[in-house]
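[1] my questions concern the predicted model and sequence given below.
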Amino acid sequence: MTRSKLLPAVFLAGVIALLCALPGGKLQAQSPREIAITAKRFEFAPNEITLKKGETVKLVLTSQDVVHGFYLKPLKIDEIIEHGHPTEVTVTPQVAGRFSTICDHFCGANHGNMKMTIVVTE
Amino acid sequence: MKHIDRRSFLRLSGLSIGIGTLYSVLPQRLSGTMAEAAGYLGKQNGESVTPFSFVQLSDAHVGFNGPPDPLGTAAFERAVEMINGLPTSPELVLFTGDLTHDTEDKDQHAARMRKFKEIAGRLHAGKVVYVPGEHDAGLDAGVLYREHFGESHYSFDHRGVHFIALDNVSRAKPEVGPEQIAWLKQDLARFSKSAPIVVFTHRPVFDLKPEWEWFTSDGDDVMNVLAPYEHVTVLYGHIHRDDEHHIGNTGHYGARSLIFAFPDPEQVAGKKPMPFDKEHPFRNLGVRFVDEKPGAAPTVREVELTLREYSGVNGVQQLLKEPELLKGAF
């Protein structure tokens, strides 16, 4: 590599290192917090999670049996959870409160009571 | 000739009789004679509106036998008896979904559908039509339902009123879907904006209580198609209780069920059926009678519930006579 090509590469690597460096010198993880949620007839587990307003989190949704839904209009969540295919949804809640999240994909006789709570704190 | 106010010359009035809802379709006298009104619509639609009555029944859940109602099909069968006891048979009976309770056993579900048809087949009515609920069609995309009851969305005209059956359950999610919305646009294209339209479906097409799944996710798209029309009524089931909302030009009416009732979601924290009362087995599925004689004020006789006149229209017709109800049956 000639000197004229090497210098820009070194400069770029330095910029990347600066962007990734923490005050303590360790690399900071950029990915959001992950929360696993399992769906099965006719419940979600856990049945309550707590998020912070403005915090970006990744919900990893899996089904243990049939197709389920995951619907929460105030947080603009409307997902399908297929058995064997985890669904990931990234959310950054902008409003605090307690929100009832429902399965909105009909899954059987007690489908109407399949729900969990997402709490968003200030 | 008097000027006819298009917004008021035709209204849908209904009497909730607990077993369902008995509607009368008639022009209002305030804005012209019936003949004038009928003639007006005749010009608009090609068919004259003439007075008639129909009944809405909902949520029979045939096959359900649980703590909220251990009586199975008793209320449904009683409803059929009541309708058959009317002095004038209704020209239409609309079933707004959850005819049966779901089961993964296809043969058992088919048996429940046959049982439903056997009971509904006793009705003395000119025409009986259906839409599915999620308990009929949610597990198999409506395959079994269509085998037993035919198409899940369609339309027809009756005495100058356009009826539209909308399916918001067969996609498993609470939605109508883009294909059916495109069909709806096409179906309505031939009508003038003043045409009287009755939509019957299972779920509410507005956000009544989304946390209880009392909504249709693309309901706004449906209502945008209907918004230009001045006389739209939406009849639905699913919520197992009376409800009435007016949004824009449209009146939305929820019906009681024939199996158990849900409480007012604004009054309770959770979605639980109201408990069965063995002393009053049809409570909240109850019965309302109205006697109306020409030249006299209506007389209301409550067996379980109270009268509600949806629109307060003059001329709510008394079509009920007291059947042998609640006499030693329980």
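    Noted; the coordinates are in hand.

[2] can you name the element that comes right after the element among helices and strands of chain A having the smallest mean pLDDT?
    Every helix and strand in chain A was compared by mean pLDDT, DSSP states H and E; the lowest is helix A:3-20, with a mean of 52. Per DSSP states H and E, the first helix or strand lying C-terminal to helix A:3-20 is strand A:33-40.

[3] just how off-centre is that next one within its chain?
    From the chain centre to the centre of strand A:33-40 is a distance of 9 Å (Cα atoms, centre = their mean, to the nearest Å).

[4] now do that strand: which elements does it pack against?
    Secondary-structure packing of strand A:33-40 (3 or more Cβ pairs under 8 Å, 6 or more residues apart in numbering or on different chains; DSSP states H and E): strand A:43-45, strand A:57-63, strand A:68-72. No exception for glycine: its C-beta is placed from N, CA and C like everyone else's.

[5] I'd like the average pLDDT over the shortest one.
    Taken as a whole, strand A:43-45 has a mean pLDDT of 98.

[6] including distance to B:Gly254 and mean neighbour count, could the helices and strands packed on strand A:33-40 go into TSV?
    Shown next, in TSV, are the helices and strands packed on strand A:33-40 (distance: least, Cβ to Cβ, whole Å; neighbours: other Cβ atoms under 10 Å in any protein chain shown):
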stretch	distance to B:Gly254	mean neighbour count
strand A:43-45	27	16
strand A:57-63	31	18
strand A:68-72	21	25
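
[7] in chain A, where is pLDDT below threshold?
    Counting by pLDDT under 70, chain A has low-confidence residues at A:1-29.

[8] any regions of chain B where pLDDT drops low?
    Filtered on pLDDT under 70, chain B yields the residue ranges B:1-51, B:278-280, B:286-330.

[9] nearest residue to the middle of it?
    Geometric centre of chain B, nearest residue: B:Gln56, 3.6 Å, by Cα atoms, centre = their mean.

[10] using CSV, write down the CA coordinates of the helix or strand B:His245 falls within.
    Here B:His245 sits within strand B:243-247, counting by DSSP H and E. Provided in CSV are the C-alpha atoms of strand B:243-247 (Å, rounded to 0.1, in the frame of the first residue of the first chain):
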residue,chain,number,x,y,z
ASP,B,243,-73.8,0.1,22.7
GLU,B,244,-74.6,3.1,20.6
HIS,B,245,-72.2,5.5,19.1
HIS,B,246,-72.6,8.1,16.4
ILE,B,247,-69.6,9.1,14.4
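
[11] immediately after it, which helix or strand?
    strand B:250-254.

[12] and that next one with strand B:243-247, angle?
    On the basis of axes from the mean of the first three to the mean of the last three Cα atoms, to 10 degrees, strand B:250-254 is oriented at 160 degrees to strand B:243-247.

[13] partners of the helix or strand containing B:Val234, with directions?
    Following DSSP H and E, one finds B:Val234 within strand B:231-236. The strands beside strand B:231-236 in its sheet (DSSP bridges) come out as strand B:196-200 (parallel), strand B:250-254 (parallel).

[14] I'd assumed B:Asp221 was in contact with B:Phe206.
    No. Taking contacts as Cβ atoms under 8 Å, B:Phe206 lies outside contact range of B:Asp221: 11.8 Å.

[15] just the strands in chain B please.
    For chain B, the strands defined by DSSP state E cover B:10-16, B:21-27, B:52-57, B:92-96, B:127-131, B:154-158, B:161-165, B:196-200, B:231-236, B:243-247, B:250-254, B:288-291, B:299-302.

[16] center of chain A, which residue is that?
    Central residue of chain A (Cα atoms, centre = their mean): A:Lys58, at 1.2 Å.
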